[in-house]
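Enquirer: sequence and predicted structure, then a few things I'm wondering about:
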Amino acid sequence: MTGELYLGLMSGTSMDGIDAVLVRFSEETQALVGHFNQPWPKAIRQRIQALAQSGDSEIERLGPLDQELGGAFASAALTLLN
């Protein structure tokens, strides 16, 4: 099958986890190649929700969480591709 592969990653406003999809697009068609969902562990979800509320030390809390979430997104992408 020919075409280009695109990987989509997101975590929506429900903050329930990471959704990943792999889709193949060609000039004639598009097809879902695979999908994967990784729920957030309770502790990470609580940290994400805490940042949605204003409070002290937001920047200090955001940096480490951002790195952790980046790793989780990369892990979800690799799981889908393998």
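Expert: Received, thanks.
Enquirer: which helix or which strand is home to Gly70?
Expert: In this structure, Gly70 sits in helix 58-81 according to DSSP states H and E.
Enquirer: buried sites along that helix?
Expert: 69, 72-73, 76-77, 80 (16 or more other CB atoms under 10 Å). Every residue, glycine included, has its C-beta placed from N, CA and C.
Enquirer: and the contacts of stretch 15-22?
Expert: Contact with stretch 15-22 is made by 5-12, 32-40, 45, 48-49, 52, 72-73, 76-77, 79-81, as judged by CB atoms under 8 Å, 6 or more residues apart in numbering.
Enquirer: again, 10 Å this time
Expert: 5-12, 31-41, 44-46, 48-49, 52, 69, 72-73, 75-81 (CB atoms under 10 Å, 6 or more residues apart in numbering).
Enquirer: do stretch 62-78 as well
Expert: Taking CB under 10 Å, 6+ apart as the rule, stretch 62-78 contacts 7-11, 17-20, 22, 36-38, 40-41, 44, 47-48, 50-51.
Enquirer: surely Leu51 and Glu58 touch.
Expert: Yes: if you go by CB atoms under 10 Å, Leu51 and Glu58 touch, sitting 6.4 Å apart.
Enquirer: burial count for Ala52?
Expert: Look at Ala52: counted by other CB atoms under 10 Å, it has 9 neighbours.
Enquirer: for it, which non-adjacent residue is closest in space?
Expert: Nearest residue to Ala52, sequence neighbours excluded (CB to CB, 6 or more residues apart in numbering): Met15, at 7.9 Å.
Enquirer: that neighbour in helix, strand or coil?
Expert: coil (DSSP: H, G, I helix; E, B strand; the rest coil).
Enquirer: can you pull the pLDDT of it?
Expert: The score at Met15 is 91. That number is its pLDDT.
Enquirer: burial count for it?
Expert: Counted with other CB under 10 Å, residues neighbouring Met15 total 13.
Enquirer: how close does it get to Arg47?
Expert: Distance of Met15 to Arg47, given as CB to CB, to the nearest Å: 10 Å.
Enquirer: please enumerate the shared neighbours of the two.
Expert: The overlap between the contact sets of Met15 and Arg47 (CB under 10 Å, 6+ apart) consists of Trp40.
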